[in-house]
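Engineer: Just a sequence and a predicted model for now, questions to come.
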Amino acid sequence: IPPLVDLAASGTDGAKEQAAGALWILALNNDDNQIAIAEAGAIAPLVDLVKSGTDVTKEMAAGTFRNLAVNDKNKVAIAKTRAISSLVDLVASGTEVAKKEAAGALWNLALNSDDNQGAIAKSGGIAPLVHLIASGTDSAKEQAAGALRNLAVNSKNKVTIVKAEAIPPLIGLVTSGTDVAKKEAAGALRNLALNNDENQIAIAKAGAISPLVDLVTNGTDVAKEMAAGAIRNLAVNNNSNKVAIAKAGAIPPLVDLAASGTDGAKEQAAGALWILALNNDDNQIAIAEAGAIAPLVDLVKSGTDVTKEMAAGTFRNLAVNDKNKVAIAKTRAISSLVDLVASGTEVAKKEAAGALWNLALNSDDNQGAIAKSGGIAPLVHLIASGTDSAKEQAAGALRNLAVNSKNKVTIVKAEAIPPLIGLVTSGTDVAKKEAAGALRNLALNNDENQIAIAKAGAISPLVDLVTNGTDVAKEMAAGAIRNLAVNNNSNKVAIAK
């Protein structure tokens, strides 16, 4: 390696070409060689070759940078030189091979590097990459689409990429590119749509939804994952896109992907179904009718941690629908959701508790089934020790479960009263409301619970909530006070005091 680096620095044009070609090949898929080439001082002469070598030497040097940039340390070292601006120039005006290799180098340099993502954009790299996805060779389009995918992680770059009119050629690649180009273009659209309302609208308006749905159905495994992720991001907080996605026939292939895709594809498909079901009655029905419930149960039970979160969130949204509550309860979903409340990630606990909250609402059968599956104890634990949002969901679930007379007893035996009072006192606004509602239901028609709730010190924080809470919290707190006072003179006196 050292003599090859020396030759690349000071040999004849022909020798530089061959040395750069040798380094290119040596660095390909070889971690040790990537490190050794950089440590031998190759980066500086390679920059010179990219900038002022022969056409063939520029191709070789850009290819070497592409392979060296797989290594994280090398990414930093390369970026400290003039390499990025020289590679951008090559994407704009090099030979077809040089454009492809330079775009590939930018692809790798931008991966998981905020600094490089910014530096490439600052060097004017976005416009020539967009031009390349529209007019380059098939392999160049693949590399440029990959580069844009990684650059689009950056919030400023999302805007710049769309202003450079990247959306139409990206959709073109999703529709008719090579398998690699389809995957990378879908990934670019996925990243462009993430947390950017204007891009969501622009991508949908440009006609991306139908080809993305086709890709979920017919693409390679990774392309399906990328397309499902793009659909998910297009649907977030955008009701028009939710409707359009469903009309484009996305739900059945997403359900199929959730059932039989790769782990990554299952995660993205479950996430898409989660978002599509949120606050959309038609989609809630369509997802259930497409057969989603059974595979979602499997994901809650045995998926990756992230997939469990997504599947639980989907159940939470599906269970808003009364027919879906019944269908979900007929499976192993409730026991699996209870297990997730007990031992899932923080997000999974929150989403599973939210699913139980919705499943228990106005359903005697589900209230009994959740208790029978052991759901009360982990929900009580969650209101005591979960995240703020998890406490909200668990308190809501306990509120709905406490409508059931047997559950009132079980909830109190699980020592729920003190943490519920704690939430009324110092929880979030939602937690205060739901905890007050739980205490209200626990006290209704249960003399022992009336006494226990008052004895635990609930009256004063409930009075404070009547005074200072949100409108709904005031309603819940007043209801709790009412139920504590029914046929209980001691409580009446304490409330008045």
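Structural biologist: Now that the structure is in, tell me what you want to look at. This structure is a prediction, so every number in the text was calculated from the model and none was measured.
Engineer: after the helix or strand where Gln450 lies comes which helix or strand?
Structural biologist: Assigned by DSSP states H and E, Gln450 belongs to helix 447-455. Using DSSP H and E, the next helix or strand after helix 447-455 towards the C-terminus is helix 459-468.
Engineer: My guess is Asn358 contacts Asn321. True?
Structural biologist: No. Between Asn358 and Asn321 there is no contact under Cβ atoms under 8 Å: 9.0 Å. To be clear about C-beta, it is placed using only N, CA and C from the backbone, and glycine gets the same treatment.
Engineer: okay, those two: which has more neighbours?
Structural biologist: Shown here are Asn358 and Asn321; by other Cβ atoms under 10 Å, Asn358 has more neighbours (24 against 19).
Engineer: residue contacts, that one?
Structural biologist: For Asn358, the set of contacting residues under the criterion of Cβ atoms under 8 Å, 6 or more residues apart in numbering consists of 316, 319-320, 325.
Engineer: Of those, which is the most crowded?
Structural biologist: Highest neighbour count within the contacts of Asn358, by other Cβ under 10 Å: Ala319, with 28 neighbours.
Engineer: That one: what's its closest spatial neighbour, skipping adjacent residues?
Structural biologist: Leaving aside its sequence neighbours, Ala319 sits nearest to Asn358 (Cβ to Cβ, 6 or more residues apart in numbering; 3.7 Å).
Engineer: Show me what the helix holding Gln450 is packed up against.
Structural biologist: Based on contacts counted as 3 or more Cβ pairs under 8 Å, 6 or more residues apart in numbering; DSSP states H and E, the elements that helix 447-455 packs against are helix 405-413, helix 417-426, helix 429-443, helix 471-485, helix 489-496.
Engineer: try 6 Å this time
Structural biologist: For helix 447-455, the packing partners by 3 or more Cβ pairs under 6 Å, 6 or more residues apart in numbering; DSSP states H and E come out as helix 405-413, helix 429-443.
Engineer: For Ala333, find the nearest of those helices.
Structural biologist: Set against Ala333 and scored by Cβ to Cβ, the helices and strands packed on helix 447-455 come closest in helix 405-413, at 18.8 Å.
Engineer: what sits against Ala436?
Structural biologist: 424, 465, 476-477, 480 (Cβ atoms under 6 Å, 6 or more residues apart in numbering).
Engineer: same check, this time on Leu87
Structural biologist: Leu87 makes contacts with 102, 105-106, as judged by Cβ under 6 Å, 6+ apart.
Engineer: Ends of stretch 323-338, what's the gap?
Structural biologist: 21 Å (Cα to Cα, to the nearest Å).
Engineer: Measure how far it is from the centre of its chain, please.
Structural biologist: Average the C-alpha atoms of stretch 323-338, do the same for its chain, and the two points are 24 Å apart (Cα atoms, centre = their mean, to the nearest Å).
Engineer: Check stretch 439-459 too.
Structural biologist: With Cα atoms, centre = their mean, you get 41 Å for stretch 439-459.
Engineer: contacting residues around the residue most central in space within the chain?
Structural biologist: Geometric centre of the chain, nearest residue: Gly271, 6.8 Å, by Cα atoms, centre = their mean. By Cβ under 6 Å, 6+ apart, the contact list for Gly271 reads 232, 310.
Engineer: Any buried residues in whichever helix or strand it is part of, and which?
Structural biologist: Secondary structure assignment for Gly271, by DSSP H and E: helix 263-277. Taking 16 or more other Cβ atoms under 10 Å as the basis for neighbour counts, the residues of helix 263-277 that come out buried are 264-277.
Engineer: Now render those residues as a markdown table, adding distance to Asp6 and pLDDT.
Structural biologist: Formatted as a markdown table, the entries for those read as follows, by distance: Cβ to Cβ, whole Å; pLDDT from 0 to 100:
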| residue | distance to Asp6 | pLDDT |
| --- | --- | --- |
| Gly264 | 44 | 97 |
| Ala265 | 48 | 98 |
| Lys266 | 51 | 98 |
| Glu267 | 48 | 97 |
| Gln268 | 48 | 98 |
| Ala269 | 53 | 98 |
| Ala270 | 54 | 98 |
| Gly271 | 52 | 98 |
| Ala272 | 53 | 98 |
| Leu273 | 58 | 98 |
| Trp274 | 57 | 98 |
| Ile275 | 56 | 98 |
| Leu276 | 59 | 98 |
| Ala277 | 62 | 98 |
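Engineer: Name the nearest of the residues you listed relative to Lys349.
Structural biologist: The shortest separation between Lys349 and any of those is 15.7 Å, and it belongs to Trp274 (by Cβ to Cβ).
Engineer: pretty sure the closest one contacts Arg316?
Structural biologist: No. Using Cβ atoms under 6 Å, Trp274 is not in contact with Arg316; the gap is 8.1 Å.
Engineer: circling back: out of the helices and strands packed on helix 447-455, which is the most enclosed?
Structural biologist: Mean neighbours per residue, mean count of other Cβ atoms under 10 Å, is largest over these for helix 429-443, with a mean of 27.
Engineer: Give me the angle between it and helix 459-468.
Structural biologist: Interaxial angle of helix 429-443 relative to helix 459-468 (axes from the mean of the first three to the mean of the last three Cα atoms, to 10 degrees): 130 degrees.
Engineer: now helix 429-443: how far from the chain's centre is it?
Structural biologist: Here the centre of mass of C-alpha atoms in helix 429-443, compared against the chain's by Cα atoms, centre = their mean, lies 31 Å away.
Engineer: let's have the chain start at 8 instead
Structural biologist: OK, 8 is where the count begins now, so the last one is helix 436-450.
Engineer: quick one: that helix to helix 412-420, angle?
Structural biologist: With the same axes, to 10 degrees as the basis, helix 436-450 and helix 412-420 are set at 120 degrees to each other.
Engineer: Mean confidence (pLDDT) on helix 436-450, please.
Structural biologist: The average pLDDT for helix 436-450 rounds to 98.
Engineer: Now that helix - C-alpha only, CSV.
Structural biologist: Listed next in CSV are the C-alpha coordinates belonging to helix 436-450 (Å, rounded to 0.1, in the frame of the first residue of the first chain):
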residue,chain,number,x,y,z
ASP,A,436,-53.0,17.6,32.5
VAL,A,437,-54.1,14.4,30.8
ALA,A,438,-52.9,12.2,33.6
LYS,A,439,-54.7,14.4,36.2
LYS,A,440,-57.9,14.0,34.2
GLU,A,441,-57.6,10.3,33.8
ALA,A,442,-56.5,9.6,37.3
ALA,A,443,-59.4,11.6,38.7
GLY,A,444,-61.7,9.7,36.3
ALA,A,445,-60.3,6.4,37.7
LEU,A,446,-60.9,7.5,41.3
ARG,A,447,-64.4,8.5,40.3
ASN,A,448,-65.1,5.1,38.9
LEU,A,449,-63.5,3.3,41.7
ALA,A,450,-65.6,5.1,44.2
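Engineer: Can you point out the helix or strand that includes Leu222?
Structural biologist: Assignment of secondary structure by DSSP H and E places Leu222 within helix 216-225.
Engineer: Residues touching that helix, excluding its own?
Structural biologist: Residues lying outside helix 216-225 but in contact with it, judged by Cβ under 6 Å, 6+ apart, are 181-182, 189, 193, 230-231, 234-235, 237-238, 251-252, 255-257, 260.
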